[in-house]
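*Asks:* predicted model and sequence follow; I will ask about them next.
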Amino acid sequence: MLSLSTIEAWLSVLISPKKNANVIFLGGEPTMHPNLPGAMRKARELGSTSITIDTNGYLFNDILFKVGPDDVDYFSFSLDGATPKINDAIRGKGSYEKCIQGIKETKAKGFNASLIYTVSGQNIHELGIMERLLEDLGIDRFFIQVIGIRGKAAAESAKGLQIPRSQWLDTIPEVAQKISRHGITVTYPKVFLGLNESFECAGVVADNYFIFPNGRVYRCPLCEDFPINSLAFMGTKLIDTDGINEKDLFGLTIPEGCVMNKLIQPGNINYKKDGTPEFKIACCLLKEEVRG
């Protein structure tokens, strides 16, 4: 667990009032850190454009009593089912009710709340019925995520966790449009590109930094399971790491689109009989947004 002084020093390196800086504290579970309120206030003091706390809903350390709506723009909750049966099978027994309770308490205290739903073969059938729940809870933003076949999910990849391209395209945009009619902004990853669409890597065209307590700093979230981070904190200094690292991969061009996707989860790419891909995989940070 990082000290508050280290967190503040690292934030000072990365946040500049001259640039828009959207800060997300995540984990693990960030509300377990007793100094999270101080970290949030430091980010605000440095001029961050927005501050979000990604939480499982348990809201440890009485976080709602230690900060106010001026300290944080969103508490963002994770729910992977519209019903306890589906969510708890994925996230653990009792997690549905705890998350719902956390959202209600957050809204009652005047905070904005967003919700993250990671779509898989286990829960896509309940995505459509999230519409009423989101409206009833007063959710401001809804994020639909695609499951990555990494970590524990990799061991279960044969169970059909990833959604086929046809099902994703037939389901996600339509659900996003319906939910947005309630004044909710819906964001979801592009995922699939046509062969004639240009692939752009966020590591090249955007400034994203994924910072770990061990000092590793990644530009691509797909690289996080591997020691190929392009940056690292040495004390309070952010330095470039020696190659080969993720930066060496960003400029590579392949017919499949994202190089890291091809390396670590090639099973979501389909090929024609001549060996060419049927489509490209977009950068995982490329999003579609439907504003409410």
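*Replies:* That came through, no problem.
*Asks:* roughly how far does residue 185 sit from residue 74?
*Replies:* Separation of residue 185 from residue 74 (Cβ to Cβ, to the nearest Å): 11 Å. Quick note: C-beta positions are derived from backbone N, CA and C, even for glycine.
*Asks:* need the overlap of contacts for these two.
*Replies:* Taking Cβ atoms under 8 Å, 6 or more residues apart in numbering as the contact rule, residue 185 and residue 74 both touch 140, 141.
*Asks:* ok but residue 188 is inside a strand, no?
*Replies:* Yes - under DSSP: H, G, I helix; E, B strand; the rest coil, residue 188 falls within a strand.
*Asks:* tell me the spacing between it and residue 116.
*Replies:* From residue 188 to residue 116 the distance is 11 Å (Cβ to Cβ).
*Asks:* what sits in contact with each of the two?
*Replies:* Common neighbours of residue 188 and residue 116 (criterion: Cβ under 8 Å, 6+ apart): 143, 145.
*Asks:* more neighbours: which of the two?
*Replies:* Neighbour count, other Cβ atoms under 10 Å: between residue 188 and residue 116, residue 188 has more, with 21 against 17.
*Asks:* spatially nearest residue to that one, not counting backbone neighbours?
*Replies:* residue 144 (3.9 Å; Cβ to Cβ, 6 or more residues apart in numbering).
*Asks:* you'd agree the one you found is in a strand?
*Replies:* Yes - residue state for residue 144 (three-state DSSP) corresponds to a strand.
*Asks:* name all residues that make contact with it.
*Replies:* Residues in contact with residue 144, defined by Cβ under 8 Å, 6+ apart, are 117, 119, 127, 172, 175, 176, 186, 187, 188, 189.
*Asks:* and for stretch 218-233, what are the contacting residues?
*Replies:* The contact list for stretch 218-233, computed with Cβ under 8 Å, 6+ apart, reads 10, 13, 148, 150-151, 201-203, 208-212, 215-217, 238-241, 244-247, 249-250, 258, 260-261, 264, 284-285.
*Asks:* list only buried entries from those.
*Replies:* 10, 148, 201-203, 210-211, 215-217, 238, 241, 245-247, 249-250, 258, 260-261, 264, 284-285 (16 or more other Cβ atoms under 10 Å).
*Asks:* ok, now how distant is the closest residue to residue 255 other than its chain neighbours from residue 19?
*Replies:* Excluding the flanking residues, the one nearest residue 255 by Cβ to Cβ, 6+ apart is residue 277, at 5.3 Å. Plainly put, residue 277 is 36 Å away from residue 19 if you go by Cβ to Cβ.
*Asks:* which of these two has more residues huddled nearby?
*Replies:* Legend: neighbour count by other Cβ under 10 Å for residue 277 and residue 19, higher for residue 277 (16 against 10).
*Asks:* tell me what the more buried one is bridged to.
*Replies:* residue 271 (DSSP bridges).
*Asks:* verify the stated contact: it with residue 269.
*Replies:* Yes - using Cβ atoms under 8 Å, residue 277 is in contact with residue 269, at 5.6 Å.
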